[in-house]
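Colleague: coords please:
(chains A and B)
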2 protein chains.
Amino acid sequence: MNAPQKGNVLRSTESEMPLARRARDARSSAIREILKVTLRPEVISFAGGLPAPESFPVETLRAAFDKVLREVGPGSLQYSTTEGHPQLREWVAARETSRGIPTTVDEVLIVSGSQQGLDLIAKAFIDEGAPILVESPSYLGALQAFGLFAPAFRAIPTDGDGLLPQAIDATLAADARFAYVMPNFQNPTGRTLTNQRRAELAAAARKHDFWLVEDDPYGELWYRDQPPPSLRAFAPERTFRLGSFSKILAPGLRIGFIVAPRALIEVLIRIKQATDLHTATLTQRAAFEVLASPLMAQHLPAIRARYAAQCAVMLEALAQHFPREAVWTRPSGGMFIWIELAAAQGIDTTELLARAIERRIAFVPGEPFFATAPQRNCLRLSFVTVPPERIRAGVAVLGELLGARG
Amino acid sequence: MNAPQKGNVLRSTESEMPLARRARDARSSAIREILKVTLRPEVISFAGGLPAPESFPVETLRAAFDKVLREVGPGSLQYSTTEGHPQLREWVAARETSRGIPTTVDEVLIVSGSQQGLDLIAKAFIDEGAPILVESPSYLGALQAFGLFAPAFRAIPTDGDGLLPQAIDATLAADARFAYVMPNFQNPTGRTLTNQRRAELAAAARKHDFWLVEDDPYGELWYRDQPPPSLRAFAPERTFRLGSFSKILAPGLRIGFIVAPRALIEVLIRIKQATDLHTATLTQRAAFEVLASPLMAQHLPAIRARYAAQCAVMLEALAQHFPREAVWTRPSGGMFIWIELAAAQGIDTTELLARAIERRIAFVPGEPFFATAPQRNCLRLSFVTVPPERIRAGVAVLGELLGARG
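Modeller: Predicted coordinates for the structure are as follows:
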């Protein structure tokens, strides 16, 4: 036998163990560093994607965990089936159905947060080099999850109303496995895709034969009006819809769900089983107790009102302190405002962050949100965890660093 | 541009969506079907890998969840860092250190069950076609987790004392990324690797330059004597040690850990972040409360005594009811007995299972535990969730089906 030489294996500089190709580029990401910076209380952080902890239904969850452990006992701590707790799957199916998209329980898979949903979809559908379409800019965590499977990223251009469906022509769509889209209050831009564009996107998906991965963690966080219907309303037969309980219950529970045609849910169940067997039994049961309780009817309006008010404070502060040449989004829901500085000003927002951190202000520079051709003049601000007076103070400091009207 | 034709993409028969190559073979596994069969109360199931639910510290966990939600509140429900809850990491590091293997907190990563540990290691280190070494037979869930990344499996032969280190020569080890080993009370065989063989395995790993992935979910479940030291005692610089809280607390919590050299933990943290951000915050905190409580000192001896007694009942029943030509393991810990029927008898255990299910008895046939060259005359029996009289009754029926002494 002609055994390959060890010397042929590329060695990582950080260890003596040969890393898989996919792992060599997995740099420590902005998200992770952000989570660390936000732990320092003296920093005014507009960087987090963290929901406001005051909004978590702590007491209701405490009662729910207590009830499940008392009433179900050991069964709530045992291994369970990969597809998820039946009542929680039913709750998801009923909610989809109540929104006009008939959905059965076998079209639902419970996952360990919607980030895991992205991992499972990547595992199931991305061969190395396979093209996938992403908005430009797009959610950083999705680019990371997909990136581990080395697809060929192709960018769908966007404007103030989200992605441009007419840009998806035969060349862009050629052989694409799916388009990854966050239609409601997108991370990082806060933009919402119009009803018209949703219909056009679905038509493009049918015409060019690609699938839609709709990620909707923020859909419940509308301020005045509900966003347009899910992409499943336009193309149920070719849409994976990812949902999260992180923003309506609490993110630390790590539960979310995928809704998709049954045959594809079956594929994802097999993949999930090999990945982590199943999502925590007790947590699924406790989450169901809270979702099924009357609390949710009061809880969501309170979060919406809070986020709408904080968003308004930040928009007002931006108008007061930021350069006239900068443009920013005016979100109708969600957690983020996206700012584009005038290119002529020549400011690289990654460098700006270093200066901002010295003044104890954090935000996320735009660069990592671009899968291809990064823009360096953008930044993402989150307003949800910062009290109004600190929003005003922090935005004023950023405006000063940008050399704006003082 | 010469766009590839859609017709070139292989389509799955089960959907119109092109599956990644890795997903086409991910058949619904024995484990998953087993979890379903064991839900039927009329079945005497020797099939499960489920720990006995009577052993779960339900009341202590209930108090722990209650305490964390009361005392930590929203912070226990927020996003947290990928590497895990600091106190839980410290607990793991201190336990390793107390066993004579000095370990620091940055050598520990908390994962969503040790199954996820296997997924993360596979992601980090398996390129398509890369050789990895596995025991023959080996844990089915590991074969599935690794299988998604399409390695070239190479089988290490075994005997009654576990794998044979002297079989690992330059040819078998050529270019191997790692050897996956379950040294204590192995799943499926119940065998334990001797101290001498652990030393020889570590020497082989150094000589041929491969890593060791030590999976140890059952190490605490010894009946009389502790098993020999961890592989980290022999080769700390090239061992990933996977631990689980599933067997000492409860599996439905889905928490486990990986201990490895710091540079490799850093790689795994980056991969885990893209995979599921982090393991549930609340659950990690509650688990720490229980592990740090005095309960564990009484809890573990009770589980050990229970499992030892049930194992003895099954061994006695096998001696009474099974054919004289069959051989089986006599485990010194853990949850499983492995039986090899006489090849001359010509019984395929997958066919035997179909007949057993008709008689309402379940077990796992040996075939799926072999990565290469499956043996069809083996079966795995678990005794931990079945009361003694049902163990005797079930084994008697199996003996009858095997045409043994009646």
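Colleague: What segments of chain A are helices?
Modeller: A:21-24, A:30-37, A:58-71, A:86-98, A:114-125, A:140-147, A:170-173, A:195-208, A:262-276, A:281-291, A:295-321, A:349-358, A:388-401 (DSSP state H).
Colleague: Which pLDDT value does the model give the closest residue to A:F210 other than its chain neighbours?
Modeller: Nearest residue to A:F210, sequence neighbours excluded (CB to CB, 6 or more residues apart in numbering or on different chains): A:A176, at 4.4 Å. For every residue, glycine as well, the C-beta is placed using N, CA and C. Reading off the confidence values, A:A176 has pLDDT 96.
Colleague: Next, work out how far apart A:A176 and A:F125 are.
Modeller: 11 Å (CB to CB, to the nearest Å).
Colleague: Can you name the residues that contact the residue lying closest to A:T194 once chain neighbours are set aside?
Modeller: Of all residues not flanking A:T194 in the chain, A:D161 sits nearest, at 5.1 Å (CB to CB, 6+ apart). By CB atoms under 8 Å, 6 or more residues apart in numbering or on different chains, the contact list for A:D161 reads A:R191, A:T192, A:L193, A:T194, A:R197.
Colleague: for A:D161, phi and psi?
Modeller: Dihedral pair for A:D161: phi -100, psi 20, per degrees, to the nearest 10.
Colleague: Next one, pLDDT for it please.
Modeller: Confidence at A:D161, expressed as pLDDT, is 93.
Colleague: Equivalent analysis for the one 3 residues further on, please.
Modeller: The model reports A:L164 with a pLDDT of 98.
Colleague: again with A:A404
Modeller: As predicted, A:A404 sits at a pLDDT of 68.
Colleague: Repeat that for A:E33.
Modeller: pLDDT at A:E33 comes out at 62.
Colleague: Then A:P41?
Modeller: So A:P41 comes in at 80 (pLDDT).
Colleague: coming back round to it: am I right that the residue nearest to A:F210 is in contact with A:L212?
Modeller: No. Shown here, A:A176 and A:L212 do not form a contact pair, counting by CB atoms under 8 Å, at 10.8 Å.
Colleague: which of these two has more neighbours?
Modeller: The neighbour comparison of A:A176 against A:L212 (other CB atoms under 10 Å in any protein chain shown) goes to A:L212, with 24 against 20.
Colleague: residues contacting the more buried one?
Modeller: A:F178, A:A179, A:V181, A:L201, A:A202, A:A205, A:L231, A:A235, A:R238, A:T239, A:F240.
Colleague: Which single one of those is nearest to A:A373?
Modeller: A:A179 (17.8 Å; CB to CB).
Colleague: What count of nearby residues applies to the closest one?
Modeller: Neighbour count for A:A179, taken as other CB under 10 Å: 26.
Colleague: So it versus chain B, what's the distance?
Modeller: Separation of A:A179 from chain B (CB to the nearest CB, to the nearest Å): 13 Å.
Colleague: do A:A356 as well
Modeller: From A:A356 across to chain B, the span is 22 Å (CB to the nearest CB).
Colleague: Now do the contacts for that residue.
Modeller: Per CB under 8 Å, 6+ apart, neighbours of A:A356: A:A362, A:F363, A:V397, A:L398, A:L401.
Colleague: switch the cut-off to 7 Å
Modeller: If you count contacts by CB atoms under 7 Å, 6 or more residues apart in numbering or on different chains, A:A356 has them with A:A362, A:F363, A:L398, A:L401.
Colleague: A:A286 reaches A:L61, doesn't it?
Modeller: Yes. Counting by CB atoms under 7 Å, A:L61 is a contact partner of A:A286 at 6.4 Å.
Colleague: Of those two, which one has the most company?
Modeller: Between A:A286 and A:L61, A:A286 has the larger neighbour count (other CB under 10 Å), namely 29 against 24.
Colleague: Apart from its neighbours in sequence, what residue is nearest the more buried one?
Modeller: Nearest non-adjacent residue to A:A286, counting by CB to CB, 6+ apart: A:A64, 4.2 Å away.
Colleague: burial measure for that neighbour, as a count.
Modeller: A:A64 has 26 neighbours, counted by other CB under 10 Å.
Colleague: for the one 4 residues further on, same thing?
Modeller: Using other CB under 10 Å, A:V68 is surrounded by 24 other residues.
Colleague: And the one 4 residues further on, by the same measure?
Modeller: Other residues within reach of A:V72 by the criterion other CB under 10 Å amount to 16.
Colleague: What's the separation between it and chain B?
Modeller: Distance, A:V72 to chain B, using CB to the nearest CB: 9 Å.
Colleague: In this structure that residue contacts A:A286, no?
Modeller: No. Between A:V72 and A:A286 there is no contact under CB under 7 Å: 10.0 Å.
Colleague: In space, what's closest to A:A94 - neighbours in sequence excluded?
Modeller: Nearest residue to A:A94, sequence neighbours excluded (CB to CB, 6+ apart): A:T103, at 8.0 Å.
Colleague: The one you found touches A:E90, doesn't it?
Modeller: No. If you go by CB under 7 Å, A:T103 and A:E90 don't touch, sitting 10.1 Å apart.
Colleague: Of these two, which one has the most company?
Modeller: A:T103 (21 against 16).
Colleague: ok, now which ones touch that one?
Modeller: A:T103 makes contacts with A:A93, A:E96, A:T97, A:V259, as judged by CB under 7 Å, 6+ apart.
Colleague: what's the closest of those residues to A:Q115?
Modeller: Nearest member of the contacts of A:T103 to A:Q115, counting by CB to CB, is A:V259, at 16.5 Å.
Colleague: any low-confidence regions in the stretch 151-300 of chain A?
Modeller: Within the stretch 151-300 of chain A, no stretch falls below the threshold (pLDDT under 70).
Colleague: Near chain B, which residues of it? Just list them.
Modeller: Counting by CB under 7 Å from any CB of the partner chain, the stretch 151-300 of chain A comes close to chain B at A:170-171, A:174-175, A:177, A:209, A:211, A:250-254, A:263-264, A:266-267, A:270-271, A:273-277, A:279-283.
Colleague: Can you give me the neighbour number for A:D169?
Modeller: 11.
Colleague: Just want to check the distance between it and A:A373.
Modeller: Distance of A:D169 to A:A373, given as CB to CB: 18 Å.
Colleague: contacting residues around stretch A:320-330?
Modeller: Against stretch A:320-330 from outside (CB under 7 Å, 6+ apart): A:189-191, A:315, A:318, A:337-342, A:345, A:395-396, A:399, A:402, A:404.
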